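Trainee: here's my sequence, what's the structure:
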Amino acid sequence: MVHGIYAQDFAKVFSRLLEENDISCYTISQFTGLDQAYLSRLRGGQKDNPSVATVIKIALALAKLGKNIKLHDIEALFHAVGRSI
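Mentor: Next up is the predicted model:
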């Protein structure tokens with residue numbers, strides 16, 4: 001059960017950005033060193049809110065790997081966990 005109040009929001013934003021940029025959790029895992037299963041659970045909304053450090057790693061990976069990632073996409077990722085950049 002997910003406890004973070006923003007966890008579903010993060011899952012939606014994270015999943016959307018991965019799909020729109022044709023990036024897999026595996027690719028993010030290879031770039032960040034984060035566990036692929038953990039990233040999959042985040043994407044599915046089955047894991048509590050990620051830490052700020054984890055969001056930063058994911059955001060940097062998306063910015064590097066995504067062809068269509070814009071600043072507002074990264075802002076949405078942070079807002080989805082109740083933070084701002």
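Trainee: C-alpha only now, for contacts and for neighbours.
Mentor: Fine.
Trainee: what sits closest to Arg43 if chain neighbours are left out?
Mentor: Ala11 (4.5 Å; C-alpha to C-alpha, 6 or more residues apart in numbering).
Trainee: using the three-state scheme, assign the one you found.
Mentor: Look at Ala11: counting by DSSP: H, G, I helix; E, B strand; the rest coil, its state is helix.
Trainee: same for the helix or strand where Thr27 lies, what does it pack against?
Mentor: Using DSSP states H and E, Thr27 maps to helix 25-32. Other helices and strands packing on helix 25-32, by 3 or more C-alpha pairs under 8 Å, 6 or more residues apart in numbering; DSSP states H and E, are helix 36-43, helix 52-65.
Trainee: angle of it against helix 52-65?
Mentor: 100 degrees (axes from the mean of the first three to the mean of the last three C-alpha atoms, to 10 degrees).
Trainee: what does helix 25-32 contact?
Mentor: Applying C-alpha atoms under 8 Å, 6 or more residues apart in numbering, the contact partners of helix 25-32 are 18, 34-36, 39-40, 57-58, 61-62.
Trainee: run the last query once more with 6 Å
Mentor: With contact meaning C-alpha atoms under 6 Å, 6 or more residues apart in numbering, helix 25-32 is reached by 35-36, 39, 57.
Trainee: same check on stretch 51-61?
Mentor: For stretch 51-61, using C-alpha under 6 Å, 6+ apart, the contacting residues are Thr32.
Trainee: which SS state does Val81 fall under?
Mentor: Going by three-state DSSP: Val81 is coil.
Trainee: ok, the residue nearest the centre of the chain - contacts?
Mentor: The centroid of the chain falls nearest to Phe14 when counting by C-alpha atoms, centre = their mean (4.0 Å). Neighbouring residues of Phe14 by C-alpha under 6 Å, 6+ apart: Arg43.
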